[in-house]
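Enquirer: Provided below for reference: sequence and predicted model.
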Amino acid sequence: MVLAAGLGTRMRPLTNDRPKALVEVAGKALIDHVLDRLAEAGVQRAVVNVHWFADRLESHLAARGRGPDIVVSDERAELLETGGGLRKARPLLGDDPVFVANIDSVWIDRGDALSDLIRLWDPDRMDAALLLARREGSIGFEGDGDFFLGDDGALTFRGDAPAAPYAYMGVHITRPGYADGGPNGAFSLSPLWRRSAAEGRLFGCVLDGDWMHVGDPQARNDAEARLKGAG
């Protein structure tokens, strides 16, 4: 599932006439960066939620001309955030484990990050497996980090610590019904992750590469410069 319904307010003025998913970095729309990564990892079908400039995003997806196949989860009536979006899309997702991906994450991969995440995933031990980035050296991330990572891959939230070494970089694997128990309407996945972490069921692995969080116009420019430099 690709989370593409957000308003992209921090990306203005670039999102005054388009969804954030269609902001381009190095000549490619953000959503195409994500969908191409998922296709490379073997994903054949992607559910994409839409809200802001939904018609324009749907037209772009219909014209992509390459996989994965796209199914739209329509949030025109109400923006549902990460948890609510996953819950609404549940009937479209089937029963197999799903990638859930943000559209503002671009990365240079020196390994095989999504395959590493697939190998880590164990539904008997885990509620979710998150892809992480090292906070230092990341582009566009200004926070103090999200997680500590145990030797076994188990994640602990930063809590009251002044900083943590790893940030969530916008892609995880979970059960398609993980958010089914959430409230009606909009809600975030974060409280569900916190509960899973407390129960020892939240895990992660670290990207071997460079992560760019494309959250605002400056970050978009920095990411474009980094990608062009790597090319």
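Expert: Cool, got the structure. Residues are numbered from 1 along each chain as shown.

Enquirer: the helix or strand hosting residue 87 packs against which elements?
Expert: Element membership of residue 87 [criterion: DSSP states H and E] is helix 81-93. On a contact count with 3 or more Cβ pairs under 8 Å, 6 or more residues apart in numbering; DSSP states H and E, helix 81-93 meets strand 45-50, strand 69-74, helix 190-198. The way it works is simple: take the backbone N, C-alpha and C, and place the C-beta from them, glycine included.

Enquirer: any chance of those in JSON lines, plus mean pLDDT?
Expert: Shown next, in JSON lines, are the helices and strands packed on helix 81-93 (pLDDT from 0 to 100):
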{"stretch": "strand 45-50", "mean pLDDT": "97"}
{"stretch": "strand 69-74", "mean pLDDT": "97"}
{"stretch": "helix 190-198", "mean pLDDT": "96"}
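
Enquirer: next, give phi and psi for the closest residue to residue 28 other than its chain neighbours.
Expert: Sequence neighbours aside, residue 36 is the residue nearest to residue 28 in space, at 7.9 Å (criterion: Cβ to Cβ, 6 or more residues apart in numbering). Dihedral angles phi and psi of residue 36 (degrees, to the nearest 10) take the values phi -70, psi -40.

Enquirer: how many residues are close by residue 36?
Expert: 15 (other Cβ atoms under 10 Å).

Enquirer: what about dumping the CA coordinates of the strand with the most length in the chain to PDB?
Expert: Determined from DSSP state E, the single longest strand within the chain is strand 166-174. Provided in PDB are the C-alpha atoms of strand 166-174 (Å, rounded to 0.1, in the frame of the first residue of the first chain):
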ATOM      1  CA  TYR A 166      17.700   5.500  13.800                       C
ATOM      2  CA  ALA A 167      14.800   7.100  12.000                       C
ATOM      3  CA  TYR A 168      11.800   5.400  10.300                       C
ATOM      4  CA  MET A 169      12.400   5.900   6.600                       C
ATOM      5  CA  GLY A 170       8.900   5.400   5.400                       C
ATOM      6  CA  VAL A 171       8.500   1.700   4.400                       C
ATOM      7  CA  HIS A 172       7.400  -1.200   6.500                       C
ATOM      8  CA  ILE A 173       5.800  -4.700   6.300                       C
ATOM      9  CA  THR A 174       2.800  -5.600   8.300                       C
END
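
Enquirer: nearest spatial neighbour of residue 143, skipping sequence neighbours?
Expert: residue 167 (6.6 Å).

Enquirer: dump the residue contacts of the one you found.
Expert: By Cβ atoms under 8 Å, 6 or more residues apart in numbering, the contact set of residue 167 is 132, 133, 134, 135, 138, 141, 143, 145, 146, 147, 211, 213.

Enquirer: hang on, the third one packs against residue 149?
Expert: No. When contacts are counted by Cβ atoms under 8 Å, residue 134 is not listed as touching residue 149 (10.2 Å).
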